[in-house]
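Chemist: curious how this folds, go ahead:
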Amino acid sequence: STIIDGNQAGSVVTFDSGEDSTAVLSGFTIQNGLGFGKGGGIKIIGVGSTSPAVYVTPVFSSPTLSNLIIRNNQVGAGDGSYYGAGIYGYYSKVRILNCTISQNFNSSSYPRVQEGGGIKMDYSEPRLENVTIDNNCAADGSGIYIRIGYYDGSGPMIQNEISLKKLRVINNGCLTGSRSNSAIYFGGWGDKSLENCLIANNAVSNAVELLGNNSTVLNSTLYQSNSQQNDSGISFVSEDTLNVINSILWGFPSDIELGGFVGNVIINNSIFQNDLSAINLSGTNGTWNLSSSSVTASDPLFVDTEN
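Modeler: Take a look at the predicted model:
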């Protein structure tokens, strides 16, 4: 593909004028950007408030990014806050389709972006489908960090359901210093789901962190080799419901970690390496409710088709 090289002179591509989905960036390699704190590869900036007490009419910048390779981009340059080395979005409904986001990190000799090595989205409703996110580095959300929900000036936060589909989130994390906290951080208000995803061999404490309202993991595989020494497959902090359906969790000391006030965990038609009785159901204000059906610990017999 045609290469757009940022020559470490700032974000390679910027959308900040209220673009909609008809603004399409497709078929390029975006590389060698050095974002001023945010968005080394692509920076997407809308207009909106971070508080219900401040009235701002939101303006979303929401381009379509398709068939891109976004690689070897950095953030730093003295801003002091380092987010989204590959892609950063604020008040955006961006569509990211059929892309590879790889090897994005901080510009310092200690290459830890604070949040979202590959992608960081704040107050946004992104759509991701068929995206590979690999070998990115951040302290939290080394692959993806998304905080959904936004304010429209009418009062409470707007909460819409967001699904991330057909993602390959592999080999993210940081090789220097302590482990990253998660490969995927998916938080904020609004129901959220991961569908048909592979999340494997990330050097992180938790493969997936789900925070906020109801969350669903559907038709997905979360896997870790022993060398990565994760703490858990899914960390769920909420007082609502976690659904795990038709999914595999394998290679983690703890398949699910629960936090916050108590809610519900429902597991159906899935393979868990550890006995469900190992899940700690004690919460801040009581005991989590766990229900399950057709859950087995049978070895899924993974095969490395590339070797």
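Chemist: contact partners for Asn246?
Modeler: Counting by C-beta atoms under 8 Å, 6 or more residues apart in numbering, Asn246 touches Leu218, Asn219, Asn268, Asn269, Ser270. The C-beta positions use only the backbone N, C-alpha and C, and glycine is treated the same way.
Chemist: roughly how far does it sit from Tyr223?
Modeler: Here Asn246 is placed at a distance of 15 Å from Tyr223 (C-beta to C-beta, to the nearest Å).
Chemist: can you pick the most crowded of the contacts of Asn246?
Modeler: Most neighbours among the contacts of Asn246, by other C-beta atoms under 10 Å: Ser270, with 21 neighbours.
Chemist: bridged to that one, which residues?
Modeler: Under DSSP bridges, the beta-bridge partners of Ser270 are Val295.
Chemist: model confidence for Gly177, exactly?
Modeler: For Gly177, the model assigns a pLDDT of 57.
Chemist: any stretches of the stretch 1-150 of the chain with poor pLDDT?
Modeler: Across the stretch 1-150 of the chain, the ranges flagged by pLDDT under 70 are 78-79, 108-111.
Chemist: change it to 80
Modeler: 1, 77-80, 107-112 (pLDDT under 80).
Chemist: number of residues surrounding the closest residue to Arg168 other than its chain neighbours?
Modeler: Spatial nearest neighbour of Arg168, excluding adjacent residues (C-beta to C-beta, 6 or more residues apart in numbering): Thr132 at 4.4 Å. Thr132 sits with 18 neighbouring residues when counted by other C-beta under 10 Å.
Chemist: Thr132 belongs to a strand?
Modeler: Yes - with DSSP: H, G, I helix; E, B strand; the rest coil as the criterion, Thr132 is part of a strand.
Chemist: give me the beta-bridge partners of it?
Modeler: Thr100, Arg168.
Chemist: that one touches Asn98, doesn't it?
Modeler: No - checked against C-beta atoms under 8 Å, the pair Thr132 and Asn98 is beyond contact range at 9.3 Å.
Chemist: export the contacts of Asn246 to JSON lines and tack on pLDDT and distance to Ala77?
Modeler: Listed next are those as JSON lines, based on pLDDT from 0 to 100; distance: C-beta to C-beta, whole Å:
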{"residue": "Leu218", "pLDDT": "98", "distance to Ala77": "40"}
{"residue": "Asn219", "pLDDT": "98", "distance to Ala77": "40"}
{"residue": "Asn268", "pLDDT": "97", "distance to Ala77": "48"}
{"residue": "Asn269", "pLDDT": "97", "distance to Ala77": "48"}
{"residue": "Ser270", "pLDDT": "96", "distance to Ala77": "44"}
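Chemist: would you turn these into TSV with distance to Gln31?
Modeler: As requested, the contacts of Asn246 are arranged in TSV below (distance: C-beta to C-beta, whole Å):
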residue	distance to Gln31
Leu218	33
Asn219	33
Asn268	43
Asn269	42
Ser270	39
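Chemist: nearest to Phe252, of those residues?
Modeler: Nearest to Phe252 among the contacts of Asn246 is Ser270, at 13.4 Å by C-beta to C-beta.
Chemist: if I look at the closest one, how far off is Ile248?
Modeler: Distance from Ser270 to Ile248, by C-beta to C-beta: 7 Å.
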